[in-house]
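K.L.:
Predicted model and sequence follow; I will ask about them next.
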Amino acid sequence: NAGVTQTPKFQVLKTGQSMTLQCAQDMNHNSMYWYRQDPGMGLRLIYYSASEGTTDKGEVPNGYNVSRLNKREFSLRLESAAPSQTSVYFCASNGVRGYRYFGPGTRLLVL
Amino acid sequence: AQSVAQPEDQVNVAEGNPLTVKCTYSVSGNPYLFWYVQYPNRGLQFLLKYITGDNLVKGSYGFEAEFNKSQTSFHLKKPSALVSDSALYFCAVRDSQGNTNAGKSTFGDGTTLTVKP
């Protein structure tokens, strides 16, 4: 049971490049989330998916898109990266016990 | 709208002393409250939660938290701190109304706990 996995662990992009952050969970959870973590700003919700086939915007969705590919996988896409998107990105899922399981994070640097 | 405040960016305690990390919240209905811990270069890990019932909640690694409805607080405590408790701690709140699993939790900005030998 791997929990929540994320790839890549670290990425450097140039402004304007695109990339997709991958997330998968093997706990059969319905709900999945994408957060960004910035110093002094805590965790901010980008997008979430309450169940397979549905996605909703969080606090800071601009510049991002998501896909809930199936129950296991929830990807985050940056179509045209900007320096303001330099951050640490966490994927999470939520089980019946009501709390989040977090992945190890992806560190993204946009130059 | 719901919100969480962690009034201290940093808490420093000596090993063996009791520790408290403060959290206050605001929700329109009854709260679900959570504490998470983040070690360097790792994702957040669940510590404990309050859903209903006893106001004193016990969690992982000897931590506990006390729900105080009148003060809208949910402070994290440990009777005797360890150096290995040094980490970043997040409080989170969710309104109990709506879908329990998909409901959006709001996280505080985090408090860095440093335990010195």
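P.N.:
Structure received.

K.L.:
Tell me the pLDDT of the residue nearest in space to the middle of chain B.
P.N.:
Taking CA atoms, centre = their mean, the centroid of chain B lies closest to B:W35, which sits 3.3 Å from it. Note on B:W35: pLDDT of 97.

K.L.:
Quick check: chain neighbours aside, which residue is closest to the most far-flung residue of chain A relative to its centre?
P.N.:
In chain A, counting by CA atoms, centre = their mean, A:R97 sits farthest out from the average C-alpha position, at 21.1 Å. In space, and not counting its chain neighbours, A:R97 is closest to B:K49: 8.0 Å by CB to CB, 6 or more residues apart in numbering or on different chains. Any C-beta I mention is one placed from the backbone N, CA and C, and that applies to glycine too.

K.L.:
residue boundaries of the strands in chain A?
P.N.:
A:4-7, A:10-13, A:19-25, A:31-37, A:43-49, A:56-57, A:64-68, A:74-78, A:87-94, A:100-102, A:106-110 (DSSP state E).

K.L.:
what's the spacing between the worst-scoring helix or strand of chain B on mean pLDDT and its chain's center?
P.N.:
Within chain B, no helix or strand scores below strand B:106-107, which has a mean of 90 by mean pLDDT, DSSP states H and E. Strand B:106-107 has its average C-alpha position 11 Å from the chain's average C-alpha position, going by CA atoms, centre = their mean, to the nearest Å.

K.L.:
Now stretch B:37-52 - C-alpha only, CSV.
P.N.:
Provided in CSV are the C-alpha atoms of stretch B:37-52 (Å, rounded to 0.1, in the frame of the first residue of the first chain):
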residue,chain,number,x,y,z
VAL,B,37,2.5,17.6,11.1
GLN,B,38,5.1,18.2,8.3
TYR,B,39,8.7,17.1,8.6
PRO,B,40,11.3,18.7,6.3
ASN,B,41,10.9,17.8,2.6
ARG,B,42,7.9,15.6,3.4
GLY,B,43,4.1,15.8,2.9
LEU,B,44,1.7,16.5,5.8
GLN,B,45,0.8,13.7,8.1
PHE,B,46,-2.4,13.4,10.1
LEU,B,47,-2.0,13.7,13.9
LEU,B,48,-5.5,13.9,15.3
LYS,B,49,-9.0,15.1,14.7
TYR,B,50,-12.1,16.3,16.6
ILE,B,51,-15.4,15.4,15.1
THR,B,52,-17.7,15.1,18.1
